[in-house]
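*Asks:* here is my input; please provide its structure:
(chains A and B)
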Amino acid sequence: MTMDVLQLQRQLRELQASMHQEGFIDDQFTQLQRLQDDSSPDFVKEVVTMYFDDSEKLIDNMKKILTQAPVDFKQVDAYVHQYKGSSASIGAARIKNICMKFRNCCENQDHEGCWRLLQQLQNEYSALKGHLMYLFRLEQELRSAGVKIPSLE
Amino acid sequence: MGIKMQSQHQPVALRFHEQTGGKRKYTFIQAKRAWLPKFLLLWIMLMMLFSGSIYNGMDADNKVRRREVLGSLCEQRARMLQDQFSVSVNHVHALAILVSTFHFYRNPSAIDQETFAEYTARTAFERPLLNGVAYAQRVVDSERENFERQHGWVIKTMEREPSPVRDEYGPVIFAQETVSYLKSLDMMSGEEDRENILRARATGKAVLTSPFRLLGSHHLGVVLTFPVYKSKLSPEPTMNERIEATAGYVGGSFDVESLVENLLGQLAGNQAILVHVYDITNSTNQLIMYGNQYEEGDNSLVHKSKLDFGDPYRKHQMICRYHQKAPTSWTALTTAFLFFVIGLLVGYILYGAAIHIVKVEDDFHEMQELKVRAEAADVAKSQFLATVSHEIRTPMNGILGMLGLLLDTELSSTQRDYAQTAQACGKALIALINEVLDRAKIEAGKLELEAVPFDLRSILDDVLSLFSEKSRHKGLELAVFVSDKVPDIVMGDPGRFRQIITNLVGNSVKFTERGHIFVKVHLAENITATVNGKSEAYLNGGSEDVAHMAGGYQSKTLSGCDAADERNCWDNFKHLIADEEFCFDASSKKMTTIQVSEQVTLMVCVEDTGIGIPFSAQDSIFMPFVQADSSTSRNYGGTGIGLSISKCLVELMGGQINFISRPQVGSTFSFTAGFGTYKKNSTSDVKKHNVEDLPSSFRGLKAIVVDGKPVRAAVTRYHLKRLGIVAKVANNINKATALCGKNGSLTSGMFQEDIILVEKDSWISGEDGSFNIWQLDWKQNGHTVKLPKLILLATNISNVEFDKAKAAGFADTVIMKPLRASMVAACLQQVLGVGKKRQQGKDMSNGSTYLRGLICGKKILVVDDNVVNRRVAAGALKKFGADVKCVDSGKAALEMLQLPHSFDACFMDIQMPEMDGFEATRRIRLMEREENEQANGESNEGNASKREWHLPILAMTADVIHATYDECLKCGMDGYVSKPFEEENLYQEVAKFFESKPISDS
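*Replies:* You can find the predicted model right below:
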């Protein structure tokens, strides 16, 4: 094992630890990682990519509705619910939390609050995306170095 | 919630009314309770009437007697008076004859005044009733002068004056001394006397006057007159002849008053009665002869007696009455009164009894009502508990969710700790509520047990695997042993069975710090026979295999620690095994008989070497929320409801649970439960229910188990046996060597060992050197052609020990306990190179293998509108080997599930646009029902076992707790899994489902 590999491994560990620490991801993400094995080596990446696509679409939709004159809060709520579900599935804890607050706002028809939370969602989303992309890059590098990704167990 | 509560309480109230209405059956007395006082009154009146009539009867009797007495007294008096009267009359008659004989027939007359006076005076005693007698001569007016001259006096009237001229005179010529004043008085001048004289000479008989005041005494009296005839009359003279022949008249006056007075004075009872004598010749004007007219007497009772004084013209009567009124009859009065009192008392007693009966019956009904109410209250309590528990879970969902969110935010380590504690508490609370709900359901009678085929052994393995982590951490031996006679598949409720076992084992794990926990399952009949010590015969005739091993063992239990119940120690246990082996070896008859019988009763023992239960608390251990003492929950947690639920469940299964416990030694809980046997004829289906497909590739392999503890060795043997491996036991390595050497060298091939399993204890206690030497020996013997694999069995093993083991030759593998057949199989696969490699590592983590076993190869449809969720769910299921299809809406799912399809199960999201999970499920069920009905209609006469379409549908929900569970069931779902999948939860649901329901198509 070269120093590089060790370095990468440490970085990966630290990254995952800090993401957990800061609440970007939770145990569900770990579960997801467990699901990944030889038969589906890119499972996590596949799911997360789907999640990104889904997120962008949903955030776009929400933005669109919130800019229209009579705001259809029900529709927004439906989107937020969906977003919450998918976030829970991949273990994006912080986004999930914001979604829950968001739903409260929708219920109260608090237009301003919705806007604020949509902003937060966007911020969180880009932060999470950054982190995860970085994580995948590290994994990719490790794999290309011929190291099996250590299980988190 | 309020509405819900109301709606649930109504049936209770309703049932309550029904029960009371149904049970109220009044007796006669109860129904007529309002009439009771009236009955009493009626009775009293009846008694009064009755006693009155008794009094009357007796009184009338008295009166009759009184009348009779009066009658007889009166008659007696009347007769005496009459007799005396007639005696006097007769005497006057005699006197008249005397006068006629000696005055008229003798001439000159032999009688003059002196003679007459003397004679009458001397015979006066003969006429006691007469004052005196006198004789008056008949003198016609022509003879008057002559007569007056002859006698020398003038005829005078009653008033003593010279008589005026009349046709006829009757002057008295002779008179008794007492009435001498009558001399020369003309009797014809007095009215009464004249009438008397006329009547007397006409009839020739004695005649009487009506009563009048007598001249001398002024007493009431009558005058008696007799005629005296001159010549003898013809035998039947006419009236004129008589008048012609009349010469004179003899008369006497009766002083009736003094006469009767005298007479009555001589008789008894004179004082009591009052006597009157009347002349009733003129019936309208009765003349009193005797008695004070105005004297008061008892007028109510009168007796009349007729008197005959010899004068047919005159009629007389005697009237008697009592002086005083009839006295009150005290006897009659007292008798009647006593009778009345007795009647009254009897009536009162009856009334009192009736009142008492009514009261007792009232009390009885009240009690019955109270009982019904208490029962209703009990049911209501359970319903209330069920409702409340259910309702509590909804807000708890929010609390747990929020805590989860809180934990995801940026918290300081203290805050995180607090939040985590809160979350743990919340989860514990949910678990508790679920348990309470369970109990409430059992009490409310809502819990029904399933009867589906299941594999008992694999369930026990599963339960063990749940606790393997904890037990390994504590260093406990955890083992299960199931008797060979217990059928592979039994009919019962696997979920509830698992719950009981989990509870008991969980308790044991919680309270045990060292030693072992041992779960043992036998047929109940079998164990009693063994405990009774009747198994000597089996032992003697049984397998020498066991017999020879028995020597030299030091410890009697699984881990060597003492256990509370002696039954699990080796002494009994070996009998059991011997028994089994004997049966097994001898013939399979017993096995078949067992399978033929419909019902088996299993005895399950869970033995631990924990802290035990204090004797003081042993009585209340099955009561809900009671733990051994308050410090228990402080030290070990838990609520103590588990055992009470287990007890209820065991009783529902028709068994009993009990325990033996010694403080600081351990506890042994044992329970019996009845299960149905699975019908042999459908063997092909058994495989489907047999969740755990144990690989058959080990069949026929041979193994030696090296273990110093016989019970533990037996457990190892049991697991090997399930894999089809024949095992022998040696209690130390030297013996094993000997066994191998003997077999290997002398009868090569007869027992060619493939595997040697060595218990860690035995290996450590045995000398390392000897083991190595044996290995060397082995190699030198030239048997290296097929060297047996060495496997170390360990509860926990440190790295140092592991290295040492490797060095000692256990290069092959180490099997971590607790042993499970599937895990052993996986390890053996790895060691022997049979089967896939990938299974082995995962076997170590609990649950996964079983989940894999359940789900592997099944075709599953995942319905979720969220692409990410769909992918994750699919990924998870695929990991367990399922063939997963995904669709993104309820509609698409319906299309996919058009019959016939080939899916084994469906995981359905609940919240979806257009058509949600509930609606989709309802439609799928509708579709299936129609198809089933159609199929049934077609194949009514044909193959009866036509398969039914029923696709298992599990809801996927993000709710932490069963809030929406009821709704899921309502629309036809079979269960639910949490989203995102948690392995444990997924396993639980899927296991329940795939075990219990025959899979429609696979």
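*Asks:* avg pLDDT for stretch B:93-105?
*Replies:* Throughout stretch B:93-105, pLDDT has a mean value of 84.
*Asks:* so what sits opposite the most centrally placed residue in chain A in the bridge?
*Replies:* Note on chain A: the residue nearest the mean C-alpha position is residue A:92, at 4.3 Å, using C-alpha atoms, centre = their mean. Taking DSSP bridges as the rule, residue A:92 bridges to residue A:25.
*Asks:* now do the contacts for it.
*Replies:* By C-beta atoms under 8 Å, 6 or more residues apart in numbering or on different chains, the residues touching residue A:92 are A:24-25, A:29, A:51, A:128. Backbone N, C-alpha and C define where each C-beta goes, glycine included.
*Asks:* close to chain A: what parts of the stretch 201-350 of chain B are there?
*Replies:* For the stretch 201-350 of chain B, no residue is in contact with chain A (C-beta under 8 Å from any C-beta of the partner chain).
*Asks:* grab the nearest non-local neighbour of whatever residue of the stretch 201-350 of chain B ends up closest to chain A.
*Replies:* Distances between the stretch 201-350 of chain B and chain A by C-beta to the nearest C-beta are smallest at residue B:350, namely 78.5 Å. Nearest residue to residue B:350 in three dimensions, chain neighbours excluded: residue B:43, at 7.5 Å (C-beta to C-beta, 6 or more residues apart in numbering or on different chains).
*Asks:* equivalent analysis for residue B:456, please.
*Replies:* Excluding the flanking residues, the one nearest residue B:456 by C-beta to C-beta, 6+ apart is residue B:490, at 5.7 Å.
*Asks:* how about the residues of chain A that lie near chain B?
*Replies:* Within reach of chain B by C-beta under 8 Å from any C-beta, chain A has these residues: A:22-23, A:26, A:28, A:31-32, A:35, A:37-40, A:43, A:46-47, A:50-51, A:53-54, A:78, A:81-82, A:85-86, A:88-91, A:93-94, A:96-97, A:100, A:153.
*Asks:* mind checking which of these are buried?
*Replies:* Buried subset of the residues of chain A next to chain B (neighbour count, 16 or more other C-beta atoms under 10 Å in any protein chain shown): A:23, A:26, A:28, A:31-32, A:35, A:43, A:47, A:50-51, A:54, A:78, A:81-82, A:85-86, A:88-91, A:93-94, A:96-97, A:100.
*Asks:* OK, contacts around the residue in the stretch 351-500 of chain B positioned nearest to chain A?
*Replies:* Nearest residue of the stretch 351-500 of chain B to chain A: residue B:408, at 3.9 Å (C-beta to the nearest C-beta). By C-beta under 8 Å, 6+ apart, the contact list for residue B:408 reads A:23, A:26, A:93-94, A:96-97.
*Asks:* quick one, phi/psi of it?
*Replies:* Residue B:408 adopts backbone torsions of phi -80, psi -10, taken as degrees, to the nearest 10.
*Asks:* could you do residue B:493 as well?
*Replies:* Dihedral pair for residue B:493: phi -110, psi 100, per degrees, to the nearest 10.
*Asks:* next, count neighbours for it.
*Replies:* Using other C-beta atoms under 10 Å in any protein chain shown, residue B:493 has 23 neighbouring residues.
*Asks:* same question for residue B:87.
*Replies:* By the criterion of other C-beta under 10 Å, residue B:87 has 13 neighbours.
*Asks:* state the pLDDT value of it.
*Replies:* pLDDT recorded at residue B:87 is 85.
*Asks:* report the contact partners of it.
*Replies:* Applying C-beta under 8 Å, 6+ apart, we find residue B:87 in contact with B:126-127.
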